[in-house]
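Asks: I would like to see how this sequence folds:
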Amino acid sequence: MVDDRAPHRGARDGEARIGERPHREHEDVVHVSRTYGHLARANSGLKAHHRYDRAMMSKHPHRVAVLALPGVIPLELGIAAEIFGRDPHYHLTVCAEGRSASLPGSGLTINTPAGLEGLKRADTLIIPGYEDVDATVSAAVLDAIRAAHARGARLVSICTAAFALAAAGVLDDRPATTHWRWTAELQSRYPRIDVLPNRLFVDDGDVLTSAGVTTGIDLSLHLIRRDFGSAAANTRARGLVAPPQRQGGQAQFIERLMPDASGDQLGSLRDWMLENLVLPLDLVTLATRAHMSRRTLSRRFREETGVSPMAWLADARIDRAREILETTTEPVENIGRLTGLGAPVSVRAAFHRRIGISPKEYRAVWRGSSMSVAGRVPARGG
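Replies: Numbers count the residues shown, from 1 in each chain. This is a model prediction of the structure:
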């Protein structure tokens, strides 16, 4: 993601008092450029921000509607209700078609104070994720989403709710994200969307999408920061005992970067690569081991994995580095030697490029987990 706004120059002024309308500059937020590649449209990016900002000039408390779809994920529904229902800057209404929605796996149903009519006056519409992405979203819900967007409401999805926005057509020609397990499916079903699989959330002005579960907290705090400034967002974060800000451009912590293979002709080569990550491998070495020309190896490797041999190798090394950082106390300075990523500066660059944070920051995220290995680890293939 890239930021299309000027660097923040008025933080102290904009954060003077909670509830005071902030300057329209923002610190460290993730936005889409006004010239978002070939997908730039009049309904996306900076113009969308200005369109929404005009709506924020109203004197009434900001009206937030949370739409619970059938099979709504309880935690994500709770995140939106807790954050905006207890914030005095907002007026919250929880809605559902028919004023009820089922909760997956529990046999329970929630009753809501409003049906779809509750969306008609909302300034922001938030849709929490739901269990079954194959479930059909009703025509009435899709029409209500389109109507809210057409009259200028800000649309927000958490996790799999991006599929509902996509079905309504409001994500066409826009960047978006969802839970990493479903990014490929979202892209496959809706090719007009520019799916960004490695993001916590994407802010495209009047339409925002987030990854799974707890990223709903990140996005909600980001909304408060946009609407009422950093002081208001930080106060709300303290009440939630949550980090006040994680950047939308930070990567989702997916299980592994390496893509699954659709064939096994080169499976033995990939296994050998994993056992020899520390070696100075190049395309010539790999082609020789596979008894193929470099061109043939590259073509067949891409057919099986979707990426080139060297790209796959780089992700394998980062995955190994993540494992070491998560499960050992090995000094960060040794990670490059143990994984083949090279010098510390190369390791940092690789992490920033693919994970969005530094190795030290990545380890800090996992400090709260039990360390399954207390000592150092031997290099593989060494």
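Asks: Check the secondary structure at V202 for me.
Replies: strand (DSSP: H, G, I helix; E, B strand; the rest coil).
Asks: measure it to L155 for me?
Replies: Separation of V202 from L155 (Cβ to Cβ, to the nearest Å) stands at 12 Å. Every residue, glycine included, has its C-beta placed from N, CA and C.
Asks: so what sits against both of these two?
Replies: L208 (Cβ atoms under 8 Å, 6 or more residues apart in numbering).
Asks: what distance separates whichever helix or strand S188 is part of from the centre of its chain?
Replies: Following DSSP states H and E, one finds S188 within helix 183-189. Taking Cα atoms, centre = their mean, to the nearest Å, one finds helix 183-189 lying 14 Å from the centre of the chain it belongs to.
Asks: list the helices and strands it packs on?
Replies: helix 162-168, strand 194-195 (3 or more Cβ pairs under 8 Å, 6 or more residues apart in numbering; DSSP states H and E).
Asks: Can you tell me the element M310 falls in?
Replies: In the assignment (DSSP H and E), M310 maps to helix 309-327.
Asks: which regions of the chain sit below the pLDDT cut-off?
Replies: When residues are selected by pLDDT under 70, those of the chain lie in 1-59, 106, 241-263, 365-382.
Asks: Could you report the distance from the residue sitting furthest away from the middle of it to G115?
Replies: Among residues of the chain, the one most distant from the C-alpha centroid is H291; the distance is 40.5 Å, by Cα atoms, centre = their mean. H291 is 66 Å from G115, where distance means Cβ to Cβ.
Asks: any idea where the helices of the stretch 51-200 of the chain begin and end?
Replies: Secondary structure of the stretch 51-200 of the chain (DSSP state H, counting those that start in this stretch): helices at 74-85, 139-150, 162-168, 183-189.
Asks: which residues are contacting the first one?
Replies: It refers to helix 74-85. 64, 66, 68, 90, 92, 94, 103, 106, 110, 126, 128-129, 158-159, 161, 213-214, 216-217, 220-221, 224, 236, 240.
Asks: Look up the closest residue to the residue most central in space within the chain, ignoring the ones flanking it.
Replies: For the chain, the residue nearest the mean C-alpha position is L200 (2.3 Å; Cα atoms, centre = their mean). Among residues not flanking L200 along the chain, T215 sits closest, at 4.7 Å (Cβ to Cβ, 6 or more residues apart in numbering).
Asks: ok, that neighbour touching I158?
Replies: Yes. Contact criterion Cβ atoms under 8 Å: T215 and I158 qualify, at 7.4 Å.
Asks: Neighbour count: those two, which is higher?
Replies: Between T215 and I158, counting by other Cβ atoms under 10 Å, I158 is the more crowded of the two (33 against 26).
Asks: Tell me which helix or strand the closest residue to that one other than its chain neighbours sits in.
Replies: Spatial nearest neighbour of I158, excluding adjacent residues (Cβ to Cβ, 6+ apart): G216 at 4.0 Å. Assessed by DSSP H and E, G216 sits inside helix 215-228.
Asks: elements contacting that helix?
Replies: With contacts taken as 3+ Cβ pairs under 8 Å, 6+ apart, helix 215-228 sits against helix 74-85, strand 201-203, strand 207-210, helix 230-240.
Asks: mind putting these in JSON lines, distance to F301 included?
Replies: Listed next are the helices and strands packed on helix 215-228 as JSON lines, based on distance: least, Cβ to Cβ, whole Å:
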{"stretch": "helix 74-85", "distance to F301": "38"}
{"stretch": "strand 201-203", "distance to F301": "30"}
{"stretch": "strand 207-210", "distance to F301": "32"}
{"stretch": "helix 230-240", "distance to F301": "45"}
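Asks: Turn those into JSON lines, columns for mean neighbour count.
Replies: Conversion of the helices and strands packed on helix 215-228 to JSON lines gives the following (neighbours: other Cβ atoms under 10 Å):
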{"stretch": "helix 74-85", "mean neighbour count": "21"}
{"stretch": "strand 201-203", "mean neighbour count": "28"}
{"stretch": "strand 207-210", "mean neighbour count": "28"}
{"stretch": "helix 230-240", "mean neighbour count": "18"}
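Asks: Of all the ones you listed, which one comes closest to G169?
Replies: Closest approach to G169 among the helices and strands packed on helix 215-228 (Cβ to Cβ): strand 207-210, 11.3 Å.
Asks: CA atoms of the closest one as PDB?
Replies: What follows is strand 207-210, C-alpha atoms only, in PDB (Å, rounded to 0.1, in the frame of the first residue of the first chain):
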ATOM      1  CA  VAL A 207     -14.500   1.500   1.200                       C
ATOM      2  CA  LEU A 208     -12.200  -0.300   3.700                       C
ATOM      3  CA  THR A 209     -11.500  -4.000   4.000                       C
ATOM      4  CA  SER A 210      -9.500  -5.900   6.600                       C
END
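Asks: Spatially, what comes nearest to L208 if we skip its sequence neighbours?
Replies: V156 (4.8 Å).
Asks: now that neighbour: how far from R363?
Replies: V156 is 31 Å from R363, by Cβ to Cβ.
Asks: Of these two, which one has the most company?
Replies: Relative neighbour count places V156 above the other of V156 and R363, with 27 against 19, counting by other Cβ under 10 Å.
Asks: Show the contacting residues for the more buried one.
Replies: 124-127, 207-210, 219, 223.
Asks: out of those residues, who's nearest T327?
Replies: So of the contacts of V156, ranked by how close each gets to T327 (Cβ to Cβ), first place is S210, at 28.0 Å.
Asks: Now do A68 against V347, distance only.
Replies: Applying Cβ to Cβ to A68 and V347 gives a distance of 44 Å.
Asks: which of these two has more neighbours?
Replies: The residue with more neighbours, out of A68 and V347, is A68; 26 against 23, by other Cβ under 10 Å.
Asks: Contact partners for that one?
Replies: Residues near A68 by Cβ under 8 Å, 6+ apart: 77, 94-96, 101, 110, 112, 128.
Asks: Quick check: the gap between it and E304.
Replies: 42 Å.
Asks: Then L240?
Replies: Distance from L240 to E304, by Cβ to Cβ: 44 Å.
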